[in-house]
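> quick one: sequence plus predicted model below, questions after.
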There are 2 protein chains.
Amino acid sequence: MTRHVKNILFIMCDQLRFDYLSCAGHPTLRTPNIDALAARGVRFTRAYVQSPVCGASRMSFYTGRYVQSHGAAWNGFPLKVGEMTMGDYLRPLGVQTVLVGKTHMQPDAEGMERLGIDPQSIIGVRVSECGFDPYERDDGLHGIGPDGRYDPRLPRYNSYLNDKGYPGDNPWHDYANAAQGSDNELASGWAMRHARKPARVAEEDSETPYMTRRAMDFITEAGDAPWCLHLSYIKPHWPYIAPPPYNDMYSADDVIPAVKNEEERADPHPVYREFMNHLVGRNFAREEVRREVIPVYMGLIRQIDDQLGLLFGFMRERGLMDNTLIVFTSDHGDYLGDHWLGEKDLFHEPSVKIPLIVYDPSRSADATRGSVCDVLVESIDLLPTFLDSFGADPQEQSHRLEGRSLHPWLRGEHPKDWRDIVFSEYDYSMLPAAMKLGVAPRDARLFMAADRRWKYVHAVGFRPMLFDMESDPCEYRDLGANPAYAHERERLAAALSDWALRQSQRTTISERQILAGRGKSQRRGILIGVWDESETPQDLWSSYRGGG
Amino acid sequence: MTRHVKNILFIMCDQLRFDYLSCAGHPTLRTPNIDALAARGVRFTRAYVQSPVCGASRMSFYTGRYVQSHGAAWNGFPLKVGEMTMGDYLRPLGVQTVLVGKTHMQPDAEGMERLGIDPQSIIGVRVSECGFDPYERDDGLHGIGPDGRYDPRLPRYNSYLNDKGYPGDNPWHDYANAAQGSDNELASGWAMRHARKPARVAEEDSETPYMTRRAMDFITEAGDAPWCLHLSYIKPHWPYIAPPPYNDMYSADDVIPAVKNEEERADPHPVYREFMNHLVGRNFAREEVRREVIPVYMGLIRQIDDQLGLLFGFMRERGLMDNTLIVFTSDHGDYLGDHWLGEKDLFHEPSVKIPLIVYDPSRSADATRGSVCDVLVESIDLLPTFLDSFGADPQEQSHRLEGRSLHPWLRGEHPKDWRDIVFSEYDYSMLPAAMKLGVAPRDARLFMAADRRWKYVHAVGFRPMLFDMESDPCEYRDLGANPAYAHERERLAAALSDWALRQSQRTTISERQILAGRGKSQRRGILIGVWDESETPQDLWSSYRGGG
């Protein structure tokens, strides 16, 4: 295998929709630096996440496995100790695997204790940080509830703000996430009505520039050793609030119409209906909210683009644009009022589809520069792509990794056996919808099986949903109960069943080891079903002949 | 919860068919001590293993999880570090969880190294021994291949034999597993034609009495502390060879006719056909082989019964029959020529169904003594039963344990929501059948979904099989391709799909924790989709008000 690149820069935004980039067709948002990356790489237009929620999606990115395989099905559900992560695969290749920003990882403290792993040891820290060396871990949301509980993972960013003269226990909230309100009170970013007010932080002290500089710090320190840097921005995830000038760089005039239709509210699927009833759904159904929030969402994206311009420039000066594979993506989308919903969680395109740009500096990728690739991609494809980039054969890990390397596409090849269905999952056991519907935690499961035309959603305990993305690209018409489409539903249900029956936990022995061991029990002196010594090679008996 | 008992004696035979006990109806085999246990307990007549092969089946017994969940799908496939086992559940209840005999556990050495677990530490030993403290580990098969490789886990039993005057490196083979041949050569038990010859070991030095005494040793040493002792006999598993008098206690006259039919060989399912073609299948299809082997198989069972008579007497003298729950079972069956097959592996009743007797000394079980229970039981039910026995609520572990406690049945209750389908799996990736059929390791998977009447077998890449156990109790007629039975196949295929989509890896958070956390994100100060401060409880904002 060839080592394609020296380093990997794995950039992830949080809650960035696939279509909020100028290269992806947004009419007024400008993202020139991301566009420039796309112009030098491949932009994948049908990239899907394994679950449209931060934690579960990220654990799939980091483990290369479906959510049903790794089990960390929702935010804050610990990733069980023993699950292998990016760092476990890349470190043996001599690659520092480092985090700057967010992962949404929750350590499996109980599992570590059971196995005697000290959480403060190097192994313990890596298990706790889903395999990354945490150069800087910051999940970006630092709430203080009325119980006074504060996120125990105090971010370094708060100390930074303190040092820069922003006082208090939680300057993240009081400055980066708040504007100046009336009556000497804060206008907290937690309330969306304040979205377009200027955050009380200097732009260079806000989160995106801070994390960008931290990435530069790491790159500088790393020197000549190969690395994989996960630069994981918290934005444009809510709280939707930005420092000047990004808070009013875009206006209500830039807000594109919501993709929604009264037909969707007429007789919705019960699970969908409950999600529309969530507070965030009800609020984003109001145009007033969209007009206030979306311009800032766009500003936050623009800020990321500006910072990436700086970062790419920094890398260019150091020759790193020539030996670093760069991935730009997101952990899921944001409904922003489409389909009468806010947040993510369900499987409409604005939620489950992500932007994905891969820039490979190596010559083999010259043929595809600036191209768009519309094959079905899953987020679990990135880790095999990274292995491939560093010259390791991802097939050797196919007993663990469930995705496939994207390198053939980067080289302009067209693998004939590429997948024709993508799968995504969602565990809504923690949400009010499950309460309202009276669904037990173990049954609050949704599955998507989608090909290039049909999107099938299996909702445990309810009827399925089905969308024809060809005749109904906006996904308005749920054909899940329409008898005329039974055939498509059955076809995709069968595909989902095949998927669910896959071998996902046989992770301690590789395909190659099995092939090598097939039918070899006699070699270990274990003879099965032999009647007469003549039925086996005679040399087998030599060890058994003595004794007399 | 009530603590029903003080101790658990968990007796497992290896490869003992459900119907080779006199209490289960065998016409000439006598098992008075096992029968006596059944007369004081409940005999379950529809108990199925999760996989009809030693390693995978046992890992399901020990983890309480389906094979697809724990992933140790075949003999020698390591159980991945992190999977919780019997000892992990019972030790916190103050119960020593100890092994005497076989587990077929293969440690996940790579996983332990990755997590920095010393295999020699207490935790490392337990991880390596699937959670047991190995008072005596002996998997019973100690082969020496022509490459001279010897099983590195030298059994203590060999030293015992040496001490007793049986010389050599591997007296297990040369004495316990061999008879006297001609020409000063050994008649190795590895060749079935020697089955009825007397093993060259004194009866009291053969494996079953040795292990029984080791169990007594442990019980004596354990004193007053509660224990769960897994007494795991290697027999009547092959090599089929026994010391006098058990080698000729039964004769060819005692061999019941094979359950087989020419119809089965007419146009068999491709996978079934390849299993018939395995050496062991071809040999057991010969009556000569059955007549020589089965009497010894019966003798080995009779020896176990005699030893259990001694053990139960030993326990009675110490008052342990009054406070010890006793389980008698097996890890799978043995075709013994039924269906033109030897060994186990497939899902006909003689392979996948096991004997299961549960004796509960507590008063609550008085109502069911000596009864037979024909509900569908799975081997994963034992671990929840054990938790229940020790007063822990298995429901609290329902995010990990996939079976259910049998205690309601022991009390004579009839839970209305009991399962109506059992599932079993088989990974044949290591077998010649997979080679012959050209099946890749990841696709060599078989699944059984059976209710009280129908048995459906899903064979990845092939047509399914279907048996009507009511009209065809011998399972001769495969209805898997018969259009008249499409409805039954679809029904069971749908059940298999639902099963496969279950939540099996979300093991780090319990149902109760999820219910407690539902809809509580605001309590942690994380506000989602709030437009206006009035939309949330006002106290939430107090922490965010300051700053000015």
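Now that the structure is in, tell me what you want to look at.

> show me what counts as buried in stretch A:494-509.
A:495-497, A:499-509 (16 or more other C-beta atoms under 10 Å in any protein chain shown). Heads up, the C-betas are built off the backbone N, CA and C, glycines and all.

> same thing with stretch A:308-324?
For stretch A:308-324, burial by neighbour count (16+ other C-beta under 10 Å) applies to A:Leu308, A:Gly309, A:Leu311, A:Phe312, A:Phe314, A:Met315, A:Leu320, A:Met321, A:Thr324.

> turn the residues you listed into JSON lines, columns for pLDDT and distance to A:Met112.
Shown next, in JSON lines, are these (pLDDT from 0 to 100; distance: C-beta to C-beta, whole Å):
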{"residue": "A:Leu308", "pLDDT": "98", "distance to A:Met112": "36"}
{"residue": "A:Gly309", "pLDDT": "98", "distance to A:Met112": "41"}
{"residue": "A:Leu311", "pLDDT": "98", "distance to A:Met112": "34"}
{"residue": "A:Phe312", "pLDDT": "98", "distance to A:Met112": "38"}
{"residue": "A:Phe314", "pLDDT": "98", "distance to A:Met112": "37"}
{"residue": "A:Met315", "pLDDT": "98", "distance to A:Met112": "36"}
{"residue": "A:Leu320", "pLDDT": "98", "distance to A:Met112": "36"}
{"residue": "A:Met321", "pLDDT": "98", "distance to A:Met112": "39"}
{"residue": "A:Thr324", "pLDDT": "98", "distance to A:Met112": "33"}
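
> and the furthest pair within the buried residues of stretch A:494-509?
Pairwise distances across the buried residues of stretch A:494-509 (C-beta to C-beta) peak at 27.5 Å, for the pair A:Ala495 and A:Thr508.

> find the nearest non-adjacent residue to whichever residue of the stretch 101-250 of chain A sits closest to chain B, please.
Closest residue of the stretch 101-250 of chain A to chain B, C-beta to the nearest C-beta: A:Gly143 (2.5 Å). Spatial nearest neighbour of A:Gly143, excluding adjacent residues (C-beta to C-beta, 6 or more residues apart in numbering or on different chains): B:Gly525 at 2.5 Å.

> what's around the one you found, how many residues?
Residue crowding around B:Gly525 was assessed by other C-beta atoms under 10 Å in any protein chain shown; the count is 23.

> got it, and A:Lys436?
Neighbours of A:Lys436 using other C-beta under 10 Å come to 15.

> was I right about it contacting A:Glu274?
Yes: contact criterion C-beta atoms under 8 Å: A:Lys436 and A:Glu274 qualify, at 5.1 Å.

> tell me, what residue is most central in chain A?
A:Asp331 (3.2 Å; C-alpha atoms, centre = their mean).

> confidence score at that residue?
pLDDT, A:Asp331: 98.

> that one and A:Asp14 touch, don't they?
Yes: with contact defined as C-beta under 8 Å, A:Asp331 counts as touching A:Asp14 (5.6 Å).

> which residues are common contacts for those two?
A:Cys54 (C-beta atoms under 8 Å, 6 or more residues apart in numbering or on different chains).

> for A:Ala72, give me its contacts.
Counted by C-beta under 8 Å, 6+ apart, A:Ala72 has contacts A:Gly55, A:Ala56, A:Met59, A:Pro78, A:Leu79, A:Lys80, A:Glu83, A:Gln106, B:Arg506, B:Thr508.

> could you dump those residues to JSON lines with pLDDT and secondary structure?
Converted to JSON lines, the contacts of A:Ala72 look like this (pLDDT from 0 to 100; DSSP: H, G, I helix; E, B strand; the rest coil):
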{"residue": "A:Gly55", "pLDDT": "97", "secondary structure": "helix"}
{"residue": "A:Ala56", "pLDDT": "98", "secondary structure": "helix"}
{"residue": "A:Met59", "pLDDT": "98", "secondary structure": "helix"}
{"residue": "A:Pro78", "pLDDT": "97", "secondary structure": "coil"}
{"residue": "A:Leu79", "pLDDT": "98", "secondary structure": "coil"}
{"residue": "A:Lys80", "pLDDT": "97", "secondary structure": "coil"}
{"residue": "A:Glu83", "pLDDT": "97", "secondary structure": "coil"}
{"residue": "A:Gln106", "pLDDT": "95", "secondary structure": "coil"}
{"residue": "B:Arg506", "pLDDT": "98", "secondary structure": "coil"}
{"residue": "B:Thr508", "pLDDT": "97", "secondary structure": "coil"}
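
> please check those residues and keep the buried ones.
A:Gly55, A:Ala56, A:Met59, A:Pro78, A:Leu79, A:Lys80, A:Glu83, A:Gln106, B:Arg506, B:Thr508.
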